[in-house]
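In: this is a predicted model, with the sequence first.
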Number of protein chains: 2
Amino acid sequence: MSQPGTEGSSFPCGGQDPLALDGQLCFALYAASRAMTRAYQPMLRDLDLTYPQYLVLLVLWEWDAAAARGESPDSGVGALGRRLMLDSGTLTPLLKRMEQRGLVSRQRAPRDERVTLVAVTDSGRALKPRARHWVEQQLESSAVTREEVASLRGRLWQFLEKLGDSP
Amino acid sequence: MSQPGTEGSSFPCGGQDPLALDGQLCFALYAASRAMTRAYQPMLRDLDLTYPQYLVLLVLWEWDAAAARGESPDSGVGALGRRLMLDSGTLTPLLKRMEQRGLVSRQRAPRDERVTLVAVTDSGRALKPRARHWVEQQLESSAVTREEVASLRGRLWQFLEKLGDSP
DNA sequence: GCAATTTACATTGTGCACAATTAAATTGCC
DNA sequence: GGCAATTTAATTGTGCACAATGTAAATTGC
């Protein structure tokens, strides 16, 4: 990898040049995110999912469990988009592909015909234990501890909130 | 934003469900990376660049400065890809678009006809001070301190190296 | 000295991301 | 009740990402 490390420096800046690639937080995030997606490929290949499709299923599985508890979460495309921070231009075709494969159902809400309700089907539900198994394996075989992961995750959300405040 | 925080937990897991979306480090990275790209949009719009094109320019500007110092960095598409962790399927069309706009030059290396040498043109060089200005502004107006940014960046590269070790 | 292999890009095809626009349904305001 | 404003998805178009494959130049082995 041979990337720089933790030597103290500044916002996107590493040494003295604020435009040095290795000093950019944006590049570190970009590279880390894609590396993470690559790390999920064995599981995704096994489940025959793409990474964003997997994230959609994580949400739908949560909604499914909530519904099983008697709750009625807002399960429209908009709610899904807010949860994943994705818009309909990304989600609509993605959901259509998943519907084609029988993993999810899409239907207009009777109460408000503008809303498209999305839910996991039995086929989609069947992937959950397989995903759980993969993720647990990943956890154990990883060179990273749970604490490190939790800490990094916390810092990322913290950073995200500050990003939202700035503009 | 209303995402969870730093409450101690595990690899992708937040509470007890290892599949909880808010517990996934992968999602935190994915969301943070896209939010970061969004934060760069004002600058990118001004420079009429996409985010990956900007990253390519960061590398080419470094190569340009190295060449001005009398060094001769490997400036082929392959070297660019290794630096940005992108492959030719991504870079080739991106570089062609930048060449079309006159920002970069592409030519076969005389010594090895397999190699396509990439370099910034005067037009591409002219964007550097404008980018520097934007980035310095960003640094000052940000709600995040330089130390926080440097620390997060360091942790991300650390994490990336461990990801590379694991498989 | 030349076949086999390797290297370095380019090409092809699929699936995101996201800006911008459109269209349909609902709500609010008289 | 009727119509403007708003809300919600879907559509359109561009540009990444990346797997898989192709192609040609360079290198290696014998």
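Out: Done, it's in.
In: tell me where the model's unsure across chain A.
Out: A:1-16, A:165-167 (pLDDT under 70).
In: check which helix or strand the residue nearest to the spatial centre of it maps to.
Out: The centre of chain A sits closest to A:Leu55, judged by Cα atoms, centre = their mean, with a distance of 4.5 Å. In the assignment (DSSP states H and E), A:Leu55 maps to helix A:51-68.
In: residues making contact with that helix?
Out: Applying Cβ atoms under 8 Å, 6 or more residues apart in numbering or on different chains, the external contacts of helix A:51-68 come out as A:37, A:40, A:43-44, A:47, A:49, A:72-73, A:75, A:80, A:83-84, A:86, A:90-91, A:94-95, A:97-98, A:103-104, A:118-120, A:124-125, A:127-128, A:131, B:19-21, B:24, B:26-27, B:30. Yep, even glycine has a C-beta here, placed from its N, CA and C like the rest.
In: and that helix, which residues are buried?
Out: A:51, A:53-64 (16 or more other Cβ atoms under 10 Å in any protein chain shown).
In: want to throw those residues into CSV with distance to A:Glu113?
Out: Output for those, formatted as CSV (distance: Cβ to Cβ, whole Å):
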residue, distance to A:Glu113
A:Tyr51, 32
A:Gln53, 26
A:Tyr54, 30
A:Leu55, 27
A:Val56, 23
A:Leu57, 26
A:Leu58, 28
A:Val59, 23
A:Leu60, 21
A:Trp61, 27
A:Glu62, 25
A:Trp63, 21
A:Asp64, 24
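In: name the nearest of those relative to DNA strand D.
Out: Using Cβ to the nearest atom of the strand, A:Tyr51 comes nearest to DNA strand D of the buried residues of helix A:51-68, at 9.1 Å.
In: now the closest one: how far from A:Leu58?
Out: Taking Cβ to Cβ, to the nearest Å as the measure, A:Tyr51 falls 11 Å from A:Leu58.
In: does chain B have contacts with stretch A:130-147?
Out: Yes: for a cut-off given as Cβ under 8 Å from any Cβ of the partner chain, stretch A:130-147 has contacts with chain B, namely A:131-132, A:135-136, A:138-139, A:141-144, A:146-147.
In: among those, which ones are buried?
Out: A:131, A:135, A:138-139, A:142, A:144.
In: in a strand, A:Arg106, correct?
Out: Yes: counting by DSSP: H, G, I helix; E, B strand; the rest coil, A:Arg106 is located in a strand.
In: who does it bridge with?
Out: In this entry, A:Arg106 is beta-bridged to A:Val118, by DSSP bridges.
In: quick one, the helix or strand harbouring A:Leu156 and helix B:146-165 angle?
Out: Applying DSSP H and E as the criterion places A:Leu156 in helix A:146-165. Here helix A:146-165 runs at 140 degrees with respect to helix B:146-165, directions being taken by axes from the mean of the first three to the mean of the last three Cα atoms, to 10 degrees.
In: for chain A, just list every one of the strands.
Out: Taking DSSP state E as the test, the strands found in chain A are A:104-108, A:116-120.
In: dump those to CSV, plus distance to B:Phe159.
Out: Formatted as CSV, those follow (distance: least, Cβ to Cβ, whole Å):
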stretch, distance to B:Phe159
strand A:104-108, 32
strand A:116-120, 31
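In: return the most buried member of those strands.
Out: Highest mean neighbour count of the strands of chain A: strand A:116-120, a mean of 19 (counted as mean count of other Cβ atoms under 10 Å in any protein chain shown).
In: same for that strand, what does it pack against?
Out: helix A:51-68, helix A:77-84, strand A:104-108 (3 or more Cβ pairs under 8 Å, 6 or more residues apart in numbering or on different chains; DSSP states H and E).
In: does that strand come close to DNA strand D?
Out: Yes: shown here: strand A:116-120 in contact with DNA strand D (Cβ under 7 Å from any atom of the strand) through A:Thr116.
In: where's that strand relative to the chain centroid, distance-wise?
Out: Here the centre of mass of C-alpha atoms in strand A:116-120, compared against the chain's by Cα atoms, centre = their mean, to the nearest Å, lies 18 Å away.
In: what does stretch A:17-26 give?
Out: 26 Å.
In: got it, and stretch A:78-92?
Out: With Cα atoms, centre = their mean, you get 11 Å for stretch A:78-92.
In: so which residues make contact with that stretch?
Out: Outside stretch A:78-92, the residues touching it (Cβ under 8 Å, 6+ apart) are A:52, A:55-56, A:59-60, A:73, A:77, A:115, A:118, B:21, B:27, B:31, B:34-35.
In: and that stretch, end to end?
Out: 10 Å (Cα to Cα, to the nearest Å).
In: next one: stretch A:113-126
Out: End-to-end for stretch A:113-126, by Cα to Cα: 29 Å.
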